[in-house]
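here you go, sequence then predicted model.
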Amino acid sequence: MSMHTATEWHSHAMTNMSHASSSQRRASKQCDSSRRSHEETVSQNLNMYNEVHGTLEVKVQTSNRLIEKLQHRADSVEKTIEAAKFSLAQLVTARSVKEPPLQLCQWRMQERERRPLREQVHDHVEVALEDEKNALMQTQKSLSEAGRKTKEMIMKLESKLEELRYDLDQKRQALGVDEMCLRTAHRSYQTVVDRSPRARSETSSRLSGTPRRSSSGLQAAHHESSKNEVARQQEATRLSQRASERERMAKDMIKDNNSLIARCERTAQEAAARSERSFQDRINENQQMRRRLANEIRETHGKIQHTNSTIAETRMQIKALVEPADLCTTCSSWRKQRATKEHITDPVSTRLVEHQAMLLRSHEELKSHHQSEKSALQDLHERLEQLKDDLRDKTASLRIDMNCLAHEAVHQNGKPSKMLSKSRVNKALKMDPGFIPSASGSSFSLPPAPLTAR
């Protein structure tokens, strides 16, 4: 016996079909919703690919521009470092070039201390040598100080160059990553398009189109990321500007170094020229004084000879008084033998007495003259010796100055030194044929001082 009626059977079937229709409608509605979601997902995904691609392109372009700018600045800084090192080498060379003249100047001052005591005067040569020494020492001090500052500038430039290279390395590494991401994103985009045939025709040109606007929830993140990118670019710009400013300071310093080198060289040359002129003037003055001394010696010699002749003449005159004195004495003795009546003081007796008195006076006067002549002769000999000593001292001083002037400053085997100049020695020999140059600066023997002017 059946459990359900026909009505129930129909009702149950209709209910199942109704439920099936509802499920079908829901399924169709869900499929339509899923399809729309699929399309929206594909569209959003493709838009995000487009935005990522565009952002990566901008980032790569910006990085390339920053790298190019920083590389240009790094190359410029490197060239400036090389220029600064070259300037430093010039400063070191300029300072070392001042060493031979300084040693020559100090040697000349030491040599002039060997002059005889009476010739050790604070003359214009000594003043010129002191000025030259001070000028050379001051130039060396200035060049050393400039070298120290240049070294510091080179260290600062090298530090700035390291910063630039470090930033370049960082940006190149990041650029490589971004370029790899850009290539990968492009391949991934093509894969997505290939997997979505329905959306391929609709979105094939979206890669280069305008990216969609970000949602409000991402505005803060976009703002922060843009801010970070701007800060990155500004930091690179500031680094380049700081390096550029350091370069400008270095170039100004190089110009100052060149001016300092030229100024120091000019100062040293002027000081050396003043010393040379002072030596020459002193030598000429000494030569003139030696000629005057030689003339005075010659005149003193003549006066000594004349005085000797006068002494001999006076001695002869004293001897000549003996005979008339004996005559007067003999006549007076004989006349005492006259007769008493004739023994009177007559004119003859008076004349004999006057003659004897005159002879006595003349004898005393000649003796006085003889003593004075001997005193004068002794004084002449003393003066002659003083003149000879003075001439000898001035000759020694002259030859010391000539020996100083005959040397010049040179570099030998990379060391500062001094040596005789052939042209200067020949010039000195023309002024004084008796000049004996001393190559080592040791003392040298002098020939006897000449008694006549050269």
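That came in fine, so what should we check first?

export stretch 233-248 as PDB, just CAs?
C-alpha atoms of stretch 233-248 as PDB (Å, rounded to 0.1, in the frame of the first residue of the first chain):
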ATOM      1  CA  GLN A 233      67.200  63.100  -3.400                       C
ATOM      2  CA  GLN A 234      67.800  66.200  -1.200                       C
ATOM      3  CA  GLU A 235      70.500  64.300   0.800                       C
ATOM      4  CA  ALA A 236      72.300  63.400  -2.500                       C
ATOM      5  CA  THR A 237      72.000  67.000  -3.600                       C
ATOM      6  CA  ARG A 238      73.400  68.300  -0.300                       C
ATOM      7  CA  LEU A 239      76.200  65.800  -0.500                       C
ATOM      8  CA  SER A 240      77.100  67.100  -4.000                       C
ATOM      9  CA  GLN A 241      76.800  70.700  -2.900                       C
ATOM     10  CA  ARG A 242      79.100  70.100   0.200                       C
ATOM     11  CA  ALA A 243      81.600  68.400  -2.000                       C
ATOM     12  CA  SER A 244      81.400  71.300  -4.500                       C
ATOM     13  CA  GLU A 245      81.900  73.800  -1.800                       C
ATOM     14  CA  ARG A 246      84.900  71.900  -0.500                       C
ATOM     15  CA  GLU A 247      86.300  71.800  -4.100                       C
ATOM     16  CA  ARG A 248      85.900  75.600  -4.300                       C
END
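
quick one, helices of the protein?
Secondary structure of the chain, counting by DSSP state H: helices at 6-97, 99-112, 124-195, 197-203, 219-320, 322-335, 347-406, 422-431.

what inclination does the first one have with respect to helix 219-320?
Relative orientation of helix 6-97 with respect to helix 219-320: 0 degrees, computed using axes from the mean of the first three to the mean of the last three Cα atoms, to 10 degrees.

buried deepest among the helices of the chain, which one?
helix 99-112 (a mean of 19; mean count of other Cβ atoms under 10 Å). Using the backbone N, CA and C atoms, a C-beta is placed for each residue, glycine as well.

packing partners of that one?
helix 124-195, helix 219-320, helix 347-406, strand 407-412, strand 415-420 (3 or more Cβ pairs under 8 Å, 6 or more residues apart in numbering; DSSP states H and E).

rewinding a little: for R118, which of the helices of the chain is the nearest?
helix 347-406 (5.5 Å; Cβ to Cβ).

make a markdown table out of the helices and strands packed on helix 99-112 and add mean pLDDT.
Below are these laid out as a markdown table (pLDDT from 0 to 100):
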| stretch | mean pLDDT |
| --- | --- |
| helix 124-195 | 90 |
| helix 219-320 | 92 |
| helix 347-406 | 88 |
| strand 407-412 | 77 |
| strand 415-420 | 73 |
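
which one of the ones you listed lies closest to Q44?
Of all the helices and strands packed on helix 99-112, helix 124-195 comes closest under Cβ to Cβ, at 11.2 Å.

that older thread, including distance to A20, could the helices and strands packed on helix 99-112 go into TSV?
Below are the helices and strands packed on helix 99-112 laid out as TSV (distance: least, Cβ to Cβ, whole Å):
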stretch	distance to A20
helix 124-195	33
helix 219-320	48
helix 347-406	131
strand 407-412	114
strand 415-420	115
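
where's the closest residue in space to I81 that isn't next to it in sequence relative to K251, distance?
Using Cβ to Cβ, 6 or more residues apart in numbering and skipping residues adjacent in sequence, the residue nearest I81 is L157, 4.9 Å away. Between L157 and K251 the computed distance is 11 Å (Cβ to Cβ, to the nearest Å).

right, so of the helices and strands packed on helix 99-112, which gets closest to A27?
Per Cβ to Cβ, nearest to A27 of the helices and strands packed on helix 99-112: helix 124-195, 24.3 Å.

find the residues that touch each one of L157 and K251.
T80 (Cβ atoms under 8 Å, 6 or more residues apart in numbering).

just to revisit the earlier point, can you say which of the helices and strands packed on helix 99-112 is nearest to P433?
helix 347-406 (11.5 Å).

residue nearest the centroid of this protein?
When Cα atoms, centre = their mean is applied to the chain, the residue found nearest the centroid is L143 (3.0 Å).

list the residues that contact that residue.
L91, A94, R95, K98, L260, I261, C264.

E229 too?
Taking Cβ under 8 Å, 6+ apart, one finds K59, T62 in contact with E229.

quick one: it from T55, how far?
Taking Cβ to Cβ, one finds E229 at 10 Å from T55.

same check on M358?
When M358 is compared with T55 (using Cβ to Cβ), they lie 146 Å apart.

now H355: closest residue in space, sequence neighbours ignored.
Closest to H355 by Cβ to Cβ, 6+ apart is C328, at 5.1 Å.

show me the contacts for the one you found.
Neighbours of C328 in contact, by Cβ under 8 Å, 6+ apart: L352, H355, Q356, L359.

using TSV, lay out those together with distance to R73.
Shown next, in TSV, are those (distance: Cβ to Cβ, whole Å):
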residue	distance to R73
L352	130
H355	125
Q356	125
L359	120
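
which one of those sits closest to V177?
L359 (140.7 Å).

find the nearest non-adjacent residue to the closest one, please.
The spatial neighbour of L359 that comes closest, neighbours along the chain excluded (Cβ to Cβ, 6+ apart), is A325 at 4.9 Å.

E119 too?
S397 (3.9 Å).

may I have the phi/psi pair for Q120?
phi -80, psi 80 (degrees, to the nearest 10).

pLDDT wise, what is the residue lying closest to it once chain neighbours are set aside at?
Distances taken as Cβ to Cβ, 6+ apart place E113 nearest to Q120, at 7.3 Å, with adjacent residues excluded. We have a pLDDT of 92 for E113.

separation between E113 and A146?
34 Å.

what do you get for Q412?
27 Å.

also L182?
To A146, L182 is 51 Å away according to Cβ to Cβ.

with S438 instead?
38 Å.

how about the contacts made by the spatially closest residue to T329 that is not a sequence neighbour?
Closest residue in space to T329, ignoring its immediate chain neighbours: Q356 at 7.6 Å, by Cβ to Cβ, 6+ apart. Counting by Cβ under 8 Å, 6+ apart, Q356 touches A325, C328, T329, S332.

with pLDDT and distance to Q288 added, can I get the residues you listed in JSON lines?
Compiled in JSON lines, those are given as follows (pLDDT from 0 to 100; distance: Cβ to Cβ, whole Å):
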{"residue": "A325", "pLDDT": "82", "distance to Q288": "55"}
{"residue": "C328", "pLDDT": "81", "distance to Q288": "59"}
{"residue": "T329", "pLDDT": "83", "distance to Q288": "61"}
{"residue": "S332", "pLDDT": "78", "distance to Q288": "65"}
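
what sits against the residue nearest to L359?
A325 neighbours (Cβ under 8 Å, 6+ apart): Q356, L359, H363.

could you do L239 as well?
Counting by Cβ under 8 Å, 6+ apart, L239 makes contact with L70, E163, L164, D167.

quick one: the third one from E82, how far?
If I follow you right, that is L164. Here the criterion is Cβ to Cβ. By it, L164 lies 15 Å from E82.
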